[in-house]
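Q: Any chance you could fold what I've pasted below:
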Amino acid sequence: MAFHIAYRGEYPIFFYGQGYMGSFEAYLAAILFHLFGPSLFVLRLGLIIIIALFLVSIYQLTALLFTRNLALVTLCLLSLGSQDILSIQLRAIGGYPETLLFGALELLIATWLALSFSRDISGRKRWRRLLIYGFWGFLVGFSIWTDLLVIPFVLTSGLLLVAFCWREWRTWAPVCVIVCFLLGVLPLIIYNLTASSYQSSFSYFLRVYHSDAAGNAVNHIPFVQKAVGALLVSIPSATGANPICPDRHLPLFGLFSRASLDCTLFQGSWTAGYLLLFIAAAFLNIRAIWRLRHEAPENAAAGKRQTTIRYFARLMLLGSACWTILLFTILL
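A: Model prediction:
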């Protein structure tokens, strides 16, 4: 697709044969083809750039919410992972690297806007904030066109802005967000205005929902089987468990055997540990916010607000992960 864009004058809105996943990766690769020539290395170079920008964004987000030392530790942890995680960074299949980058950027921008909000700001700073609001809106629209999996990050970052920057919604900020959002999501709008009902993004989504990974139609999958798949496959593979057993060795996916027991224990224990850490982190942040609201002295209002924003932003980061898992469980 990148070759067709670069040398054949084609300008697809989505990846070929799809109506729901934007072709941002292909356009980025087409630009690099013009600069360095077409090759597999140059194709993957675009993915490496996206992942590098994601690492920079997650470093800045972690430093903003915690400390720079923890941000460095986070980068070290993100440099590790299973073969499936690392291979995604080199496979130009669309969606995955961009979702990481755009999700981190949306939370980073929303957190910065919340932390830097003040009633008494100069006109120059006010215009700069309007530009940043516009960039956040454009990023939201553009990321939705690229991959709908980014929606949990859109909702949590938007909730952060509504909770702590609500005074600015009586200024030009909402207009900047809406206009720039429409610019970002414009390819998706244009496609659905010109496509037939069968080829609309919603129709494509329904067909994907009722098909397997190979695109073959399947009957309705019971929710219990979806939950088992999410707990024993999706969460371990997404968080770096290695090795991941084939589906046929898991409960409800194949015949029960000794391998099924070993796989269930390993991947189930991994998921249990992940969920315990997740619940503990959510509990600590909720308790901290509650204590700040009821126990912090009133004469430390500025510091109380900053600390509350950080705890709430951490909670929104956890919420993004939780909603993503729920979407995978319910829809896939």
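Q: Leu77: which element?
A: helix 68-78 (DSSP states H and E).
Q: That helix packs against which elements?
A: Helices and strands touching helix 68-78, by 3 or more CB pairs under 8 Å, 6 or more residues apart in numbering; DSSP states H and E, are helix 40-65. Placement of C-beta: from N, CA and C, glycine included.
Q: List the buried residues in the helix it packs on.
A: Of the residues in helix 40-65, 42-47, 50-51, 53-55, 57-65 count as buried by neighbour count, 16 or more other CB atoms under 10 Å.
Q: how distant is it from the center of its chain?
A: Chain-centre distance of helix 40-65: 13 Å, with CA atoms, centre = their mean, to the nearest Å.
Q: what does stretch 178-193 give?
A: With CA atoms, centre = their mean, you get 19 Å for stretch 178-193.
Q: May I see the buried residues of that stretch?
A: For stretch 178-193, using 16+ other CB under 10 Å, the buried residues are 180-181, 184-185, 187-188, 191-192.
Q: List the buried residues in the longest helix seen in the chain.
A: For the chain, the helix with the greatest residue count under DSSP state H is helix 258-295. Counting neighbours by 16+ other CB under 10 Å, one finds that the buried residues in helix 258-295 are 260, 263-264, 266-268, 270-271, 274, 285, 288-289, 292.
Q: Alpha carbons of the helix holding Leu77, as PDB, please.
A: Coordinates of each C-alpha in helix 68-78 appear next as PDB, following Å, rounded to 0.1, in the frame of the first residue of the first chain:
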ATOM      1  CA  ARG A  68      11.800  10.800  36.400                       C
ATOM      2  CA  ASN A  69      13.500   7.800  38.100                       C
ATOM      3  CA  LEU A  70      10.300   5.800  37.800                       C
ATOM      4  CA  ALA A  71      10.000   7.000  34.200                       C
ATOM      5  CA  LEU A  72      13.400   5.500  33.400                       C
ATOM      6  CA  VAL A  73      12.400   2.200  35.100                       C
ATOM      7  CA  THR A  74       9.200   2.200  33.000                       C
ATOM      8  CA  LEU A  75      11.300   2.500  29.800                       C
ATOM      9  CA  CYS A  76      13.400  -0.400  30.900                       C
ATOM     10  CA  LEU A  77      10.300  -2.500  31.500                       C
ATOM     11  CA  LEU A  78       8.900  -1.600  28.100                       C
END
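Q: quick one: which of the buried residues of helix 258-295 is nearest to Ile93?
A: Gln267 (24.0 Å; CB to CB).
Q: how about that closest one, what does it touch?
A: By CB atoms under 8 Å, 6 or more residues apart in numbering, the contact list for Gln267 reads 232-233, 236, 241, 244-245, 250.
Q: Just the pLDDT for it.
A: Gln267 is assigned a predicted lDDT (pLDDT) of 87.
Q: What of Tyr311?
A: The confidence metric pLDDT takes the value 96 at Tyr311.
Q: where are the low-confidence patches of the stretch 51-200 of the chain?
A: Applying pLDDT under 70 to the stretch 51-200 of the chain flags the ranges 94-95.
Q: make it 80
A: 80-95, 119-123, 197-199 (pLDDT under 80).
Q: what about the helices in it?
A: Here the stretch 51-200 of the chain has its helices, by DSSP state H, counting those that start in this stretch, at 68-78, 83-88, 96-115, 123-146, 151-164, 173-184, 186-194.
Q: For Leu326, which of the ones you listed is the nearest?
A: Per CB to CB, nearest to Leu326 of these: helix 151-164, 8.5 Å.
Q: Dihedrals phi and psi, the nearest residue to Gly268 once chain neighbours are set aside?
A: Residue nearest to Gly268 in three dimensions, not counting chain neighbours: Leu232, with 6.0 Å by CB to CB, 6 or more residues apart in numbering. Main-chain dihedrals, Leu232, degrees, to the nearest 10: phi -100, psi -10.
Q: Pretty sure Leu232 sits against Ser260.
A: No - with contacts counted by CB atoms under 8 Å, Leu232 stays clear of Ser260, the gap being 10.3 Å.
Q: picking that back up, mind putting the helices of the stretch 51-200 of the chain in JSON lines, distance to Ala30 included?
A: Output for the helices of the stretch 51-200 of the chain, formatted as JSON lines (distance: least, CB to CB, whole Å):
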{"stretch": "helix 68-78", "distance to Ala30": "28"}
{"stretch": "helix 83-88", "distance to Ala30": "21"}
{"stretch": "helix 96-115", "distance to Ala30": "15"}
{"stretch": "helix 123-146", "distance to Ala30": "15"}
{"stretch": "helix 151-164", "distance to Ala30": "26"}
{"stretch": "helix 173-184", "distance to Ala30": "19"}
{"stretch": "helix 186-194", "distance to Ala30": "15"}
